[in-house]
Every structure is written in structure tokens, then in C-alpha cells.
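> I would like to see how this sequence folds:
(chains A and B)
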2 protein chains.
Amino acid sequence: MSDVQRPPPRLPWDPPDNFKKRVPDGDNRERLVCDDCQFILYQNPKIVAGSVVTWEDRILLARRAIEPRKGYWTVPAGFLEEKETVEDGAAREALEEARADIEVGGLLGVYSVPRISQVQMVFRARLRSPEVGAGEESLEVRLALWDEIPWRELAFPSVVSALRRFHAVRDLADFAPEVTTLSGWAEPSSL
Amino acid sequence: MSDVQRPPPRLPWDPPDNFKKRVPDGDNRERLVCDDCQFILYQNPKIVAGSVVTWEDRILLARRAIEPRKGYWTVPAGFLEEKETVEDGAAREALEEARADIEVGGLLGVYSVPRISQVQMVFRARLRSPEVGAGEESLEVRLALWDEIPWRELAFPSVVSALRRFHAVRDLADFAPEVTTLSGWAEPSSL
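As a prediction, the model looks like this:
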């Protein structure tokens, strides 16, 4: 069997074979239902929370130490966890990825990425102190001037969009977020 | 046992008792793991997409035919599905719950409800035609003037907040969404 035909390895979150597709009573879509205990596995899009973080006229960027897009630059962002608000998730990710203590501001963008069932929400934010550093998921961090942003080495389309939106509204106190759909690019997952 | 002490009813997406909390190998957080088949249930906050829909100066409301908050009034809203954009989710829910064909506009609010791990996103929207009707999850629908909104019979805090936000920005083409945290109220789930 060639590499192309080999099924992907089972991941910890992949449902085992006792989960079968069927339409539960009162529903109108196929769901995965456990044959043994009848538990219905409702799968829904995941939220990614992130931020364009500034110190004076510099923007916080982190170079990814993990796949997808290892080695490319991003703004701090990651999956929202249970019992967390979107703003708290953005602040936690800034702390985890860039050791950054931030104050979360206005919503810059809401990026649906339907291909991978994600909704990425990126805020404007300010550093409370300029002390930042690479967290476990980052190779390095930097505070870049606008003209220093490595556009060709950014990790994800939403990073490009959020940075552009940040620049467009930089002199505004109140602004509407950009609400749009992104196709993602080469990678199977994102941010 | 009084109403206050009675445990909430099991909802279709609640894991049954064979799921137990433990930290899976290679993880750093407690997850629900099935005792029988070892399936790990990774849970993340769910997105609810909804809309405040108008026809001229009337607002579309639907009375819920299902729990939670059966019999109370809501704006069309529901869980975002896999491979769906937030705007498409809001439009689908309007169609399903109120037979409403809508054009989705600006984002009115982003309501994190951490207690129940939801992020509720409500848009402004317009009906393409005034023909609406009760879908399967609604007892009835109505197009209400602002002064006719049954405030004491609204189903969820986010419905109240989104309607207020709608009213506050009614004359604006562009506006920032309200981004805030809601505690939910008596019910174990929401929208």
C-alpha cells in the first residue's frame, strides 16, 4: 500500500469504531453515535482567540516552534478552552506563547475558516510592560515596527488580515471588526 | 425536592455516566474519557450564531418549542455546525427556526458565557421578504415593534443584550460589537 493510500494514524480525539453515523431522533443531520451507550458526539467548530499586541509603535510577533507552520511568524493565538471568555483566551495565549501581559481592546476581525471548522477572533491589545519572551510553543519573539513585518514569512492568512485591519483602524477608538471567510492555505490546521 | 434543588435535565450532548474525568497520557488537563472504549472527549467552547432580524421597523421573534426556556421568546440563533461560517450559521438558524430568508449585516455582539462554555455571536440582519413562520423548534413567530417586545418573556440574557445593542446602533452603518461576558441565568444550557 502506498503512502497515499495508507489511512491516517488514529489520533486520540478520533472516535473509535463503536461510533457510527446516524441521524438522532429530533435532529436533522448525521452525527456520530456510540453503538454501546448511545452517546451522541456533537462536533462543532472551534474558536481560536488571538491578538495584535503593541508596545508604543511596535507589534508583537512570535515565531512558531510547532507545526503547523513551524518557523513562520504569527501573532499570539490559540484554541479557546472550556469555561473561558474569548478575551481571556486571547490574553492566556499571549502569556503562553510570548510571556506577554496584555490588556485586550477592540475586536479587529472574525475570520471563519470553514474548511477546517474554525472561527478565529483577533483583538487589538496593548502590552502592560515591554518584557516579552519565547514561550514553549515559540522559537523567538520580537517587537517589530510596521515596516519590519516579515509578510512573506507569516504563518496564516488570518495573521495577514488581522495585521492589515489593525493598521487600517490604528487611529480609531471604535471600529467594526472585519467579518469574513478565509480559505486557509497549504496547512490542514491553522493558528 | 424543590425546583431549585432538582438537577438539570440531561441534554442530548451531555456525556453519560460511563465518561469519567482523568488526564490522558501526554495531556496536561482533565478530559472526559469513556471507561468502556477509552474514547477521549475533547471539549471546547461552542459557538452560537444568531441575528436580530428586521422587516421595516419590526423585529423577528420566535417562541421556543423546545427546552431550554421552552415557551420563551428569542431571536433566531443556534449552534454553529462543522464547515460553516458564522454568518451562514446565523442565516441557517433564521431559516430553520422562523422560515426567514435573511441578509446578514454587522456584528452586534460577542457574548462569552463561560459557565456553559459558549460564545454567542449575534448579527444585525434584514428579511428579504416578510414571509416568516414557525419552524420545528418554534411554537410561533412574530414581527414585533420595539415597544411590543416581551422583555419579561425573553429566553436568554444574550437576547436582551443583542436587542439593546441593536437599538443603540440602529442609525449607524458601521459600529463596534458589544464584546462582553454574560453569566447566563437559571438554565443549565442556553440558546
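
> Give the buried residues for the longest strand that chain A contains.
Secondary structure of chain A read by DSSP state E shows that its longest strand is strand A:102-113. Across strand A:102-113, burial judged by 16 or more other CB atoms under 10 Å in any protein chain shown covers A:I102, A:V104, A:G105, A:G106, A:L107, A:L108, A:G109, A:V110, A:Y111, A:S112, A:V113. For every residue, glycine as well, the C-beta is placed using N, CA and C.

> which of the residues you listed are close to chain B?
A:G106, A:L107, A:V110, A:S112 (CB under 8 Å from any CB of the partner chain).

> Pick out whichever of those sits closest to B:E81.
The shortest approach to B:E81 among those belongs to A:S112, at 11.8 Å (CB to CB).

> what's the distance between that closest one and A:K21?
Plainly put, A:S112 is 24 Å away from A:K21 if you go by CB to CB, to the nearest Å.

> repeat for A:W73
From A:W73 over to A:K21 the distance is 40 Å, taken as CB to CB.

> before we move on, what about A:K70?
From A:K70 to A:K21 the distance is 34 Å (CB to CB).

> How about A:F156?
According to CB to CB, A:F156 and A:K21 sit 31 Å apart.

> The two: who's more crowded?
Ranked by neighbour count (other CB atoms under 10 Å in any protein chain shown), A:F156 and A:K21 place A:F156 first, with 28 against 10.

> next SSE after the longest strand of chain A?
Following strand A:102-113 in sequence order, the next helix or strand is strand A:118-127 (DSSP states H and E).

> quick one: low-confidence ranges for chain A?
A:1-13, A:184-191 (pLDDT under 70).

> Can you show me the strands along it?
A:19-22, A:31-34, A:40-41, A:46-55, A:58-64, A:73-74, A:77-79, A:102-113, A:118-127, A:138-145, A:178-181.

> got the contact list for the fifth one?
For strand A:58-64, the external contacting residues (CB atoms under 8 Å, 6 or more residues apart in numbering or on different chains) are A:52-54, A:70-76, A:94, A:97-98, A:100, A:127, A:132, A:134-135, A:137-146, A:149-150, A:155, A:163, A:166.

> shouldn't A:S138 be in contact with A:A65?
Yes: contact between A:S138 and A:A65 holds when scored by CB atoms under 8 Å: they sit 5.4 Å apart.

> buried ones in stretch A:60-69?
A:L60, A:L61, A:A62, A:R63, A:R64, A:R69.

> same thing with stretch A:21-29?
In stretch A:21-29, counting by 16+ other CB under 10 Å, buried: nothing.

> now stretch A:31-43
For stretch A:31-43, by 16+ other CB under 10 Å, it's A:R31, A:L32, A:V33, A:C34, A:C37, A:F39, A:I40, A:Y42.

> Need the residues you listed in CSV (columns: distance to chain B).
Shown next, in CSV, are these (distance: CB to the nearest CB, whole Å):
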residue, distance to chain B
A:R31, 9
A:L32, 10
A:V33, 10
A:C34, 8
A:C37, 5
A:F39, 5
A:I40, 5
A:Y42, 5
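
> Show me which pair in these is furthest apart.
Taking CB to CB as the measure, the buried residues of stretch A:31-43 span a maximum distance of 14.9 Å, between A:C37 and A:Y42.

> Return the residues in contact with A:E137.
By CB under 8 Å, 6+ apart, the contact set of A:E137 is A:A62, A:R64, A:A65, A:I66, A:E96, A:E97.

> Report the two of these separated the most.
So for the contacts of A:E137, where distance means CB to CB, the most widely separated pair is A:R64 and A:E96, at 12.7 Å.

> what distance separates the start and the end of stretch A:60-71?
One end of stretch A:60-71 sits 16 Å from the other (CA to CA, to the nearest Å).

> And for stretch A:92-105?
Start-to-end span of stretch A:92-105 (CA to CA) is 14 Å.

> what's in contact with it?
By CB under 8 Å, 6+ apart, stretch A:92-105 touches A:49-51, A:53, A:60, A:62, A:76-78, A:81, A:84, A:87, A:90-91, A:123-129, A:131-138, A:141.

> In that stretch, which residues are buried?
Those would be A:R92, A:E93, A:A94, A:E97, A:A98, A:R99, A:A100, A:I102, A:V104, A:G105, for stretch A:92-105 by 16+ other CB under 10 Å.

> Tell me the one among those nearest to A:T181.
A:E93 (22.4 Å).

> burial measure for the residue lying closest to that closest one once chain neighbours are set aside, as a count.
Distance criterion CB to CB, 6 or more residues apart in numbering or on different chains; nearest residue to A:E93, sequence neighbours excluded, is A:G78 at 4.2 Å. Residues near A:G78, counting by other CB under 10 Å, number 19.

> For A:A94, see how far away A:G78 is.
10 Å.

> Need the overlap of contacts for these two.
Common neighbours of A:G78 and A:A94 (CB under 8 Å, 6+ apart) do not exist.

> about what we covered before: would you mind listing which of the contacts of stretch A:92-105 are buried?
A:49-51, A:53, A:60, A:62, A:76-78, A:81, A:84, A:87, A:90-91, A:123-125, A:127, A:132, A:134-135, A:137-138, A:141.
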